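> could you look at this predicted model? Sequence included:
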Amino acid sequence: MHDLDINIEHITRVEGHGNIVIDVKNGKVKELRLDIIESPRFFEAMVRGRTYKEAAHITSRICGICAVTHTTTSIKAIEVALGFMPSQQTIKLRKLLLNAEFIQSHILHIYFLTAPDFFGVQSIFGMVKDNKESIVRGMRLKALANDLCALVGGRHVHPITLNVGCFSKIPERKNLERLRERIEDSRGDIEDTVKFFKSLKTPEFERETEYISLTHPDEYALYDGNIKSSDNGEVNPSEYLKRVKEYIVTHSTAKHAKSRRDSYMVGSLARFNNNYERLHPKAKEVAKEMGLKHPCYNPYMNNVAQIVEISHCYEDSIRLIDELLSDNLKEETVGLVPKAASGVGTTEAPRGTLYHEHELDDNGKITYGNFIIPTAQNLANIENDLKAFVPEILSKQRDEIILDIEMLVRAYDPCISCATHLMKVDFVNE
Amino acid sequence: MINNNSLYLPEIARIVSVRQLTEMEKYFEISTEGKKEFSFNPGQFVQLSVFGIGEAPISISSSPFNKDTVGLCIRRMGDVTTAIHKLEIGASVGIRGPLGNGFPVRELKGKDILFIAGGLGLAPLRSMISYVLEKRKDFGRIIILYGTKSPGELLFRDDLETWRQIEDIELIITVNRPDKDWTGRTGVITRFIPSLELEPQNTYALVVGPPVMYKYALLELQEKLIPENNIIMSLERRMKCGVGKCGHCQINGVYVCLDGPEFRYHTLKFLSEAI
Amino acid sequence: MRVLIDKKDIGFFFESLKEENTVYGVKQKEPGFYVFDEAETFSDPLDKYTPTLLPPKKYLFPQKETLLKFSTTPSLKVKQLIEFKKQVIFGVRPCDIHGIKLLDKVFTTDHEDKNYTQKRANTIIIGIDCMKPCYKYAYCESVGCLDVEDGFDVLLTDMGDCFYALIGTAQGEAIIRKNARFINANKSDDEKIKCMKEERRGLFENKFATDISNLPLLFKNADNDPVWDELNDRCLGCGRCNIVCPTCYCFDVFDCVDLNMSSGERCRQWDACTLKDFAVVATGENFRSTRGQRLRHRFNRKFNYLMTKHNTSFCVGCGRCSRSCPVKIDVVETVNAVVNNRKTK
Amino acid sequence: MSKIKAAFFSFTSCEGCQLTVLTLEEQLLELVELIDIVTFREAMSEKSDVYDLAIVEGSISRNSEITQVKKIRDTAKVVVALGACATIGGVNCLKNQYEMDAVKKIVYGSMADNFDTIPARPIEAVIKVDYKIHGCPIDKDEFVEVVKAILQERKPRIPEYSVCVECQMKENICLFEKGMVCLGPITRAGCKAICPTYNDGCVGCRGLIDDPNVSSHKKLLTDHGLTIDEAIAKYMLFGSYNKNA
Ligand SMILES: Cc1cc2nc3c(=O)[nH]c(=O)nc-3n(C[C@H](O)[C@H](O)[C@H](O)COP(=O)(O)OP(=O)(O)OC[C@H]3O[C@@H](n4cnc5c(N)ncnc54)[C@H](O)[C@@H]3O)c2cc1C
Ligand code: SF4
Ligand code: SF4
Ligand code: SF4
C-alpha cells in the first residue's frame, strides 16, 4: 500500500483520549501524530494555596489507575522538602502498596486491555465465551491486588491511609496474615498467567532508544533510587530537570519530553533494561520462559516485561509482608513542622518514572507544583516508534496496519488522562 | 403449634382483576388464593409487596362483605405503586394485613354519616360506603361529599353513578378545575359543608383526603357544631412496618398503624404534629 | 441465688461459656473507647470501661438484618428469615441492661417481633454492676437506671478479690453451676454489697433538675419551648445520637435484588428520626421538616411519648448521645433547660 | 425484552470511577448479562452511537465537551453522572478560582491560544442528569445499585443521610473525639464512611446532604482549631463548584 490515510479517533483500551493521525504518500510517511485530546486538568492551579497535607489527596486525582504512585510521590516530595525521613515500617508499607498497584495495573493492562487484541476480539467481554477461565483468573488476580491495596491503603483508587509522615491507619496483623495466605495460594494463577501469555505472539519490531528509570543498588527500584538513563548515567532525583525536558506540541494537551535523544522510553521495558540484575530470581525465570532477553528493544515486549514485573512484585510482596509481620506493626504518629522549602519526589509508576515537585511557604501552603507523568514522557517515543514501524508494514492490509499500530500504542499502556495534568514547567520550545 | 411466622412475612396473593380508573389510579382485586378468607373492617389497610421493589401501605377499598378478594385503589406515586401498575392479571404480590383499626363501625350504627372524600381519600371511604349501603337500614342519613382537582381524576365513576341513582344518598361531587365538558359543581370540597343541614349530635363526619383538606374541613365541621368525637379522619404517614415498630408513622405519642389510621379529632387536637 | 467467683476464675468462667456459645466481651478499641466484640480471650477492662461505642443492642437488633428471602421466578416464593444463635454478652452495664429491657418491651408489645425475640431468647446476659460514675456524660441515676433488678442472667459486682454474682434467671443459675468455679455467698457478703450500693448514691453530678416522673408532663407542654429553636440552629441533623442509643429502635425496610434480577432479600436497617427524610411521605410532605422538630421528637420519645406508653423512662442515662454529638448537644442540659423554662413560666 | 444498551463516556477526570467499575470483576460478567455495554473506551474497542443508557464520567471543562455531552443527552434515554467530577464538579473545580486566561498562560505560555478551557462544572450544569453516583471514586456497590434501579425502573437507594450514620454503625471512633476534623456530618453517605474508617477525615467528595447545617458545622471546625479560611478551604476541596455558583 503506497498511500494511507489513517485517522484512528479515540484510541480504545487506553486510559484517556488520544487519536492517531497517519498520512502516507507514495510509501513515505508525510505525517504521523499521536494527538492527545484529553482535557487539560490544571493541577498546578489546584494545589496552589492548599496545605501540604492535602497535596497527595489532590494529586492522586491526576490518575485513577496509578493513584497510589501519585500519592506516594507527592508525599515523598513533601517529606524531602520538610527534611523528614519516614520510619522503616512506613517505607515497607509504601513499597507493599506500590507492589500491589503494579500487579493490579499490569494485570488490568495485559488481561483487560491487550489480550483482546491477540484473540481478535474487541474487548474482554468478547473473550468470555471461549476464554472465560483465563478472564476469571485475571479478575481474580486483580481482585487480590485490589484487596491488598485496600488493606494497606484503604482503597486502590485514591488511597486514604497514605499520608505525609506515616500511615493514618496500619493494617491489622490478622488481615495481613490472611492476605499473605491468599497471595501464596494464588501462585498457580501467576504461573498460568505466564503460560497463557507465552503462547501469544507479539509483532516483530525493534528500535533501540534511550531508556530511563530509577535505579537502586540494593533493589529493583520502584520506590526509590537515582534517575538512570541508558545513554547517560545516573543523577540524583533533585536534578530531574537535567534528565527530563518537557516541551509543548500543539497536537497534544499533554506535553512531550526528551532527554539526550529526541525521545526516550519509560516503563516496564525501560526498568527491565536498566535494572535486570536486581529482579527477583523468579521474575528472571519468567523472563526467560517468555523469551524476553536482556536488553530488549522491541516496544511490544513491554507487555512481557509487565508480566515479569508482576512476578517480581508478587515475590517482593510476600517478603515485605513477612518482614512487616516479624517487625511487629504498630500505629505511628509524627509531628511535622511546616517550613518554606521545596522538594522533589520520584517513584516508578507502573507506566514509568513519575516526578512530583512541591514548593511550600512558611505555613505549609503549596506555592508551586510540578508533576511529570510517565505517559507524557513516552509520547514522543511512541511517535518515533510509529514513524519507524509504519513503513515496515505498509504491505499489510489496512485493518492489519491499524491493529498493529493500535497494539503498539497500547503496549506502552498509555495513561493519557494522567499525562494531561499540564503543570507549569520550564519548557523548551520545539 | 404457636404461630412462628415473622411479623414481616407477607402472604402471597394474586391479582385477579385490574381496572384503570384514571390516568394515575388503577383498581386491583387480589385474592389470597383461597387459602383464607380475608376479613377486615372498613378503613383498614394492607402492606402490599412487589418483591424486589418493596412494600407500601394501601387502604382496602372493597366491601368488607366480599371476603374472596381485596380491592385496592392505587395511585402511581413511587416505586412500589409504579411497579404494581405494571403488573397484570395473574401476577403474584404479597400482602400483610389487614392492619390498623378501621372505622368504629358499631358506634356509627344509627347515625347520620357525612363522608368527606378528597381525591384518593375515596379509596378507604369506598369500603365504608359499601358497608353502609349493604346495611342501609342501620344508618341514618348518608351524605357523600367528594371532590377532586379535575374531572379526569374522579375515581370509581360507575360507583358514583350507582350512588347517584340511590334515592336516600345525598351525593355531592365537585372539582376544582372544571374542563369544558364539566356540568357539575365546581370549587373546593369544603365549600359545600356550610349549606348542609346537619343534626350535629347525631352526625359523624368521616374525612379522608390530602393533609391540606383537613384544616379547612375541620373549620367547617366545627362551625356546624359536630362534636370532636364525631369527626374521624384518616391520616397518611410514612410507614415501613405497619405494626408499630419502625417508628416512621409516629405522630407525637401515637402510631398511625397501631392507633389509626383513623383518628377522632378529639385525639388529634392534642397531637401537635398531626394536622 | 448469689455466689462468689474468685477473680482469677472469671477467665475460666468466660472461656467455659465459649464452648457452647458465641461470647461477646468488651474490648478496648483505643484508649478511652470500648466496643463489644467477639472475644478471643478474656481481657479485663470490666471495671474500667465507659459505655461502648455502640450498645450491645447490635447483637439483638443488628444494624442490618434480612427479614425475608424471595425469588420471583419461576413462581413467587417467599421465605422468612429469623436468624439467631446461642450467644453470651459478657460485661453489660446496668444502663445497657435497662436498654435491653426496653427493647424487650417494644418488640413484644402489641405484636411480637420474632426477629428480635428469637435472638433475645438465645442470649445470655452477664451484667457488671457500676459502683461509680463511669464518665462525665452518665446520668443513669437520674433516670432510675443505676440499679438493676432483672433483665440479666447473672450480674457481677466487683468486691475486690472476687465477684459477687447475683443470679437473675434459671438459665443464669444453670450456667453458673455448669461453667463457673464458685462458692456460695453469705449474709455478710450481701450486707457488704448493700453498703457498696448505698455508697454510690449521689455520686453522679450530672443529673436532672427534677424527678424523672415529672418529665412527661413537662415535655408535653414544651412543644414551643425556645430550646428547640436553639437546638435547631446547632444540630447538624447527622443522626449520630440515634445510632449510638441503646433504646432507639427505628428502622427502614427495603428490598435488594440480586444481579440475576429475580431473587433477593428484604432487609431492615437502623434508621434515625433526626434525619431529614424520616417522616417524608410519598406526596412530598415532611411532617418534621426542621432539625429542631426532629430533635424535639427524639427527646419526646425518650421522656414523654414512649415513657407514657410504657410507663418507664426511655432513656437509660448512658450518655452515649451526649458524648457522640459533634456539636455537644447534651441530654441533661436540654432536659434541664426544658425544666427551667417551665418553672419560669 | 431487548437488553438495555449502555455506553460509558469520560470527560475531564482521572478515569478512576470507570476503573472502579472494572473492579467489579466477576460481577461485571453478571452485569453484561443484563445490559449490553456498547461503548466503554477504557475497556473495549467497539463503539456505537446507539445506546439507551449513557454513563458519563468527568467534569465539563472545554467548550467542545459541552457539545459532546449535549449530543449524549440527545441520544440517551437515561444519563447517569458517574463520580464526583460528574456529579459535583470534583477537584477539577479548584481551578475555577483563577481566571481561565491566566491559568492557560501559566501553563502554555505563548501557545495558550491553541488550547481551550472553561471553568470546570458538573455535567448537570450542562444537561439534565437522571441518576448520580457520587464519590471520588465511586463506591462500586452503589454503581451496581443504580444499574439495578434503572433496570427495575425505580429510585436507587442512595443515602440522603450523613456519613456519620454509616460511620457510627461501623463503630468507628469519631475523629472529632480524637482531635481531628471531618466533613462527615454534612456529607452524603454511601461510601461506608471509608475515610473515617481509615482514620482520615471525610473530605466531602460525595457532596452535601439535603439541608446541611453548614454554619453550625463551620463553627464546629473552628472550635476544633481551624481558622475560618482553613474551614472554608476544607469545603472547597470538593465543593468549589457549589461555592462559585
Ligand atoms: C394507612 C395508609 C393508607 C394508604 N392507602 C393508600 C391507597 O389506598 N391508595 C394509594 O394509592 N395510596 C395509599 N397510601 C399512600 C401510599 O402508601 C404511598 O403513596 C406509597 O407508600 C408510595 O409508595 P411507593 O413505593 O410507590 O412510593 P415511594 O415514594 O417510591 O417510596 C416510599 C417512601 O419513600 C419516600 N420518598 C419517596 N420519594 C422520596 C424522596 N425523593 N425523598 C425522600 N423520601 C422519598 C416516600 O415518603 C415514601 O414513604 C396510603 C398510605 C397510608 C399510610
Ligand atoms: S437518649 Fe442518649 S443517654 Fe439516653 S439511652 Fe439514648 S444514648 Fe443513652
Ligand atoms: S448527634 Fe447531635 S448533631 Fe447529630 S443529629 Fe443528634 S443532636 Fe443533632
Ligand atoms: S468521624 Fe466524621 S463521619 Fe464519623 S462520626 Fe465523626 S464526624 Fe461523623
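Looks like it came in fine. Ligands and ions are numbered 1, 2, ... in the order given.
> C-alpha from now on. contacts and neighbour counts both.
OK.
> kindly provide the distance from residue C:53 to residue A:60.
Residue C:53 is 33 Å from residue A:60, where distance means CA to CA, to the nearest Å.
> now the strands for the stretch 151-300 of chain A?
A:210-215, A:226-229, A:233-235, A:245-247, A:256-258, A:264-265 (DSSP state E, counting those that start in this stretch).
> show me where chain D has its strands.
Assigned by DSSP state E, the strands in chain D fall at D:4-10, D:35-40, D:53-57, D:78-82, D:131-133.
> can you tell me what sits against the shortest one?
For strand D:131-133, the surrounding residues in contact (CA atoms under 8 Å, 6 or more residues apart in numbering or on different chains) are D:78-84, D:87, D:142-143, D:146.
> isn't residue C:275 up against residue C:236?
No: using CA atoms under 8 Å, residue C:275 is not in contact with residue C:236; the gap is 9.4 Å.
> I figured residue B:49 hits residue B:92, correct?
No: contact criterion CA under 8 Å: residue B:49 and residue B:92 do not qualify, at 9.3 Å.
> closest residue of the stretch 201-350 of chain A to chain C?
Residue nearest to chain C within the stretch 201-350 of chain A (CA to the nearest CA): residue A:331, separated by 11.1 Å.
> for that residue, which non-adjacent residue is closest in space?
In space, residue A:331 comes closest to residue A:170 once its chain neighbours are excluded; the distance is 6.2 Å by CA to CA, 6 or more residues apart in numbering or on different chains.
> what's the local residue count around the one you found?
23 (other CA atoms under 10 Å in any protein chain shown).
> next: residue A:231.
Other residues close to residue A:231 by other CA under 10 Å number 14.
> can you pull the pLDDT of residue A:15?
For residue A:15, the pLDDT comes out at 58.
> hmm, back to that, list the residues that contact the residue of the stretch 201-350 of chain A closest to chain C.
A:167-170.
> what subset of these is buried?
Among the contacts of residue A:331, those classed as buried by 16 or more other CA atoms under 10 Å in any protein chain shown are A:167-170.
> sorry, back to before: farthest pair within the contacts of strand D:131-133?
D:78 and D:84 (18.4 Å; CA to CA).
> more neighbours, those two?
residue D:84 (30 against 19).
> and the more buried one, what's its pLDDT?
Model confidence at residue D:84 (pLDDT) stands at 94.
> ok, and the closest non-adjacent residue to residue B:48?
residue B:95 (4.6 Å).
> same question, residue A:110
residue A:303 (6.6 Å).
> pull up the residues of chain D that are close to ligand 4.
D:163-164, D:167-168, D:174-176, D:182, D:184-185, D:196, D:202 (CA under 6 Å from any ligand atom).
> most surrounded residue in these?
residue D:163 (32 neighbours).
> residue contacts, it?
C:238, D:184-193.
> among these, which ones are buried?
Buried among the contacts of residue D:163 (16+ other CA under 10 Å): C:238, D:184-193.
> which intervals of the chain have sub-threshold pLDDT?
Here I'm looking at chain A. A:1-18, A:36-40, A:416-430 (pLDDT under 70).
> hm, I was asking about chain B
B:1-3, B:34-35.
> now the helices for it?
B:79-85, B:105-108, B:122-134, B:157-165, B:211-223, B:256-259, B:265-268 (DSSP state H).
> residue B:187: which of the ones you listed is closest?
Comparing those by CA to CA, helix B:211-223 comes nearest, at 12.7 Å.
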